[in-house]
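In: just need the structure, nothing else, for what follows:
(one chain, ligands or ions: 2)
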Amino acid sequence: MKDLSLHILDIVQNSVVAQATIISIGIVVDKKNDYLGITIADNGNGMSPALLQRVMDPFTTTRTTRKVGLGLPLLKQNAERTGGSMDIKSVEGRGTDLMVVLKPSHIDCLPMGDMAGVVAMLICSYPNINFKFSHRVGANEFAISTPELKEALDGLPLNSPSVYPLIKELVSSNLDELQIGELG
Ligand SMILES: Nc1ncnc2c1ncn2[C@@H]1O[C@H](COP(=O)(O)OP(=O)(O)OP(=O)(O)O)[C@@H](O)[C@H]1O
Ligand SMILES: [Mg+2]
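Out: Ligands and ions are numbered 1, 2, ... in the order given. Next comes the predicted model:
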């Protein structure tokens with residue numbers, strides 16, 4: 001994965017497969033403390049304690065016949081490489097919470113990438129899932145959610161072709177302002 005937005009897209013696919021109807025993505029940047037936190041929470045099927053243990057193991061020690069994917073181990077590795085960490089909590093039938101911490105000053109920290117594109121793509125591709133996205137940089141925060149957008153669009157479906165570029169631009173300009181606000 002070449003940037004963090006693609007990792008987030010990949011991890012959210014797990015929540016979609018787990019039949020989540022609510023998926024929250026939170027990003028917190030605290031430059032003073034060299035902190036970048038990413039949380040992804042869903043109300044999907046969750047994982048049994050045994051599976052949870054298995055997905056948290058480094059993929060080199062996975063010794064099962066079942067195909068265990070690389071999405072979670074790769075993100076964990078990319079977080080730990082910066083001096084950060086990854087933690088998952090999951091309850092079967094209730095959902096899953098993923099928390100990733102990275103140190104942005106580390107030379108191996110992946111760039112954020114096109115977060116606005118990823119958020120817009122998710123919201124437009126899965127109109128029946130309630131996405132909540134928030135991004136905080138220092139004291140400034142931008143948040144957006146599927147229900148708010150549905151209301152603003154006043155009946156125009158989220159998956160109609162004109163909507164994706166609109167949402168992407170809305171998120172993108174707000175994220176740019178967050179960065180500017182932080183510098184000022
Ligand atoms: N949010 C989630 N809810 C329920 N189960 C999950 C969730 N995230 C991961 N899992 C379980 O953990 C497994 C491993 O996830 P991981 O993303 O590492 O690989 P994958 O999704 O199987 O394959 P890949 O991501 O490489 O395409 C999944 O197959 C799924 O069983
Ligand atoms: Mg996956």
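
In: near ligand 1, which residues of this protein show up?
Out: For the chain, the contact set with ligand 1 under Cβ under 6 Å from any ligand atom comprises 10, 14-15, 18, 42, 44-47, 51, 55, 68-72, 96. C-betas here are computed from N, CA, C, even on glycine.

In: which ones among these lie within helices?
Out: Among the residues of the chain next to ligand 1, the ones falling in helices (DSSP state H) are 10, 14, 15, 51, 55, 71, 72.

In: residue 71 is in contact with the second one, correct?
Out: Yes: shown here, residue 14 and residue 71 form a contact pair, counting by Cβ atoms under 8 Å, at 6.3 Å.

In: and the two? Which one has more around it.
Out: Of the pair residue 14 and residue 71, residue 14 is the one with more neighbours under other Cβ atoms under 10 Å, namely 20 against 16.

In: just the C-alphas of stretch 113-133, formatted as CSV.
Out: C-alpha atoms of stretch 113-133 as CSV (Å, rounded to 0.1, in the frame of the first residue of the first chain):
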residue,chain,number,x,y,z
GLY,A,113,-2.6,10.2,0.1
ASP,A,114,-6.0,11.1,-1.4
MET,A,115,-8.2,10.9,1.7
ALA,A,116,-10.9,13.1,0.1
GLY,A,117,-11.1,10.7,-2.8
VAL,A,118,-11.3,7.6,-0.5
VAL,A,119,-14.1,9.2,1.6
ALA,A,120,-16.1,10.3,-1.4
MET,A,121,-15.7,6.9,-3.1
LEU,A,122,-16.8,5.0,0.0
ILE,A,123,-19.8,7.3,0.6
CYS,A,124,-20.9,7.1,-3.0
SER,A,125,-20.2,3.4,-3.5
TYR,A,126,-22.1,2.2,-0.4
PRO,A,127,-25.1,4.6,-0.1
ASN,A,128,-26.8,2.2,2.4
ILE,A,129,-23.9,2.3,4.8
ASN,A,130,-23.9,5.2,7.3
PHE,A,131,-20.3,6.5,7.1
LYS,A,132,-19.0,9.0,9.6
PHE,A,133,-15.7,10.7,8.8
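
In: what lies in contact with that stretch?
Out: 2-6, 8-9, 12, 16, 20-27, 135, 143-147, 149-150, 157-159, 163-165, 167-169, 171-172, 175 (Cβ atoms under 8 Å, 6 or more residues apart in numbering).
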